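J.: Pasting a predicted model and its sequence here:
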Amino acid sequence: MALDSLSTADLGAGRLDGLTRALKAGVSRGWRPVVLPIVTAALALAAWEALVRVRRIPSAILPPPTEVAQTLVAVHGLLLEHAWPTLVETVAGFLLAAVVGMVVAIAITYSRPIREALYPLLVVFQLIPKVALAPLFIVWLGIGTSSRLMFALFISFFPVVISTAAGLIDTDRTMIRLARSLTANDWQIFVNIRFPGALPHIFSGLKIAVTLSIIGVIVGEFITSQAGLGYLIVFATSRAETAAIMAAILVLCVIGLVLYGVVALAERVMLTWYHGDR
Amino acid sequence: MLISAEPGTPTTVPGRGAETYVVVDGVRKVYNAGASALEAVSSVSFAARAGEFVSILGPSGCGKSTLLMMVAGLEPLTAGRIDVAGQPITGPRADIGVIFQDPVLLPWKSVLDNVLFPIHILKRPVREYTERARQLLDMVGLSEFSAKRPHQLSGGMRQRVAICRALVHDPTLLLMDEPFSALDAITRDEMNAALLDIWQRYQKTVLFVTHGIREAVFLSDRVLVMARRPSTLIADVSIPLPRPRRLTIEETPEFNEICALLRAKIEESHGRRGAS
């Protein structure tokens, strides 16, 4: 079966999982793995600050970290105001992608014709740099929320479909035979065996989807919008307010980290349930 | 007489109970009709009495597992008929319990919940069966492990949980598909002894598929020998060893005599094929 060869690692899950593992290992190995990266970052910021001051680089080209921090405090009201639509659209796009992706994955799992019709197309779409399609969404859906939402859905839907379908199809055949021998119907097999068994796969897809959803929203905001952090970045660029750009990027980082953290936390809870208390 | 002359004449074979419980009549299984057709089972007939322990012994690829899956209602028959308790098999049934080579426990459920899985699927009241599930776990020495997860158990313990699971909804027929072949020899001996205890206690009819001659002799009332190409029964051997049996019975001359006889039967079938 073609879908058997699918791997979520292709989508970057491997990298993200590696990072998670590294973070977990850091906690268990004492202070060094925690402190070293912080020290490194602090040194880099200090070098940046020193470089800008010594070479007298204009703030429009490269503002020093202290100026970015000052800007962050000075315009935090504006930043929060614009962070809100970005956050809402990212979460909505992600949730839509999760639901639509799982539904399509279930259709692919249970219907051979649907699988044969859709799967090659999904692979082709995986290869397209989907960001390039963003302007089309503006053409079709206008400059409102709906085009950004649809674009975020579109861009983050693929990892959900592919990892969910891989998980559902990957179910142990003997486990299904066991359920069948007990007169289980397809629905009972789905609820009791296929879906819970696929959860680890599904979550690795969701973790990628949440990072892609925010990219989709930002790209949409770059192209055309009246609000959002992407809009703010483009606006600040047009006025050469580089410190404001960096402050907005910092807020974006926080949003991305928090959303990823929420999904990763949900995954931890699920895995604890899945494997029991070790 | 130790060996009946022809296979497939169960009425002349001594059994424990009087009542014929499983009838397999002219069963055939062909995969992929047409040019690529593969005959997995060709015309197998036998019967087992209620409470009888019957092993189907044969080399791998002889179709013995396929035959068992047809009795379980998990594989459609190409030809022939299977009756269990007087009812023809048309699909899986709640009065049949299946144990696979792999214990296939659900990793996200506790040992107790795994044992209760059939009750859940059959939509019976879980609460009423919880006590029975605990008794079964107690019987196989796993009462302390009921809250554990499968990954915390050894291979032998997991297969014991699978046996409890196959018994919890009280099926009358147990189908076992090489259940201990993935275990080490010592654990397998323990499991065989435990299985005999369970069988004696619950009086189930058992069809046990294996490629182990000694295992088949130790466990069974009767051993059906299955050959490859064509995959049919070539011998129907009753095992007149006294019960209850202990593992030490494997040291007796009688035991080894029967094993030698079965081995000869199997080799004979190979020789026949080589000559033709």
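T.: Everything's here; your move.
J.: hey, where'd the strands end up in chain B?
T.: B:20-31, B:38-49, B:53-57, B:79-84, B:87-88, B:96-99, B:173-177, B:205-210, B:222-226, B:233-238 (DSSP state E).
J.: To chain A, which of those lies closest?
T.: Nearest of the strands of chain B to chain A, taken as Cβ to the nearest Cβ: strand B:96-99 at 4.2 Å. For the C-beta atoms, the positions are set from N, CA and C on the backbone; glycine is no exception.
J.: Tell me the residues of chain B that contact chain A?
T.: Residues of chain B lying close to chain A by Cβ under 8 Å from any Cβ of the partner chain are B:69, B:72-74, B:91-94, B:96-98, B:100-102, B:104, B:106-108, B:110, B:117-118, B:120-122, B:148-149, B:151-152, B:169.
J.: Out of those, which sit inside helices?
T.: For the residues of chain B next to chain A, the ones inside helices are B:69, B:117-118, B:120-121, with DSSP state H as the criterion.
J.: Residue nearest the middle of the chain, spatially speaking?
T.: The chain I'm using is chain A. The centroid of chain A falls nearest to A:Thr211 when counting by Cα atoms, centre = their mean (1.6 Å).
J.: that answer is for a different chain, and I need it for chain B
T.: B:Phe208 (1.9 Å).
J.: pretty sure it is touching B:Met176, no?
T.: Yes: B:Phe208 is within contact range of B:Met176, at 4.6 Å (criterion: Cβ atoms under 8 Å).
J.: helices or strands next to the host helix or strand of A:Thr71 in the packing?
T.: Assigned by DSSP states H and E, A:Thr71 belongs to helix A:65-74. Identification of packing neighbours for helix A:65-74 by 3 or more Cβ pairs under 8 Å, 6 or more residues apart in numbering or on different chains; DSSP states H and E yields helix A:32-55, helix A:242-275.
J.: out of those, which comes closest to A:Ala107?
T.: helix A:242-275 (23.2 Å; Cβ to Cβ).
J.: now the closest one and helix A:65-74, what's the angle there?
T.: Helix A:242-275 and helix A:65-74 are oriented at 80 degrees to each other (axes from the mean of the first three to the mean of the last three Cα atoms, to 10 degrees).
J.: Is helix A:242-275 positioned near chain B?
T.: Yes: against chain B, helix A:242-275 shows contacts by Cβ under 8 Å from any Cβ at A:273-275.
J.: Let's see if you can find the most crowded of these.
T.: Comparing the residues of helix A:242-275 next to chain B on neighbour count, A:Tyr274 comes out first with 18 neighbours (neighbours: other Cβ atoms under 10 Å in any protein chain shown).
J.: Which residue comes closest to that residue once chain neighbours are left out?
T.: Distances taken as Cβ to Cβ, 6 or more residues apart in numbering or on different chains place B:Trp108 nearest to A:Tyr274, at 4.6 Å, with adjacent residues excluded.
J.: And the residue of the stretch 101-250 of chain B that's closest to chain A?
T.: B:Arg149 (3.8 Å).
J.: Does that residue touch B:Leu112 like I think?
T.: No: look at B:Arg149 against B:Leu112 with Cβ under 8 Å: they stay out of range, at 10.8 Å.
J.: Which parts of chain A are strands?
T.: Under DSSP E, chain A gives no strands.
J.: Next one: A:Ile57 relative to A:Ala69, how far apart?
T.: Going from A:Ile57 to A:Ala69 by Cβ to Cβ, to the nearest Å gives 17 Å.
J.: what's the answer for A:Ile128, then?
T.: For A:Ile128, the distance to A:Ala69 - Cβ to Cβ - is 39 Å.
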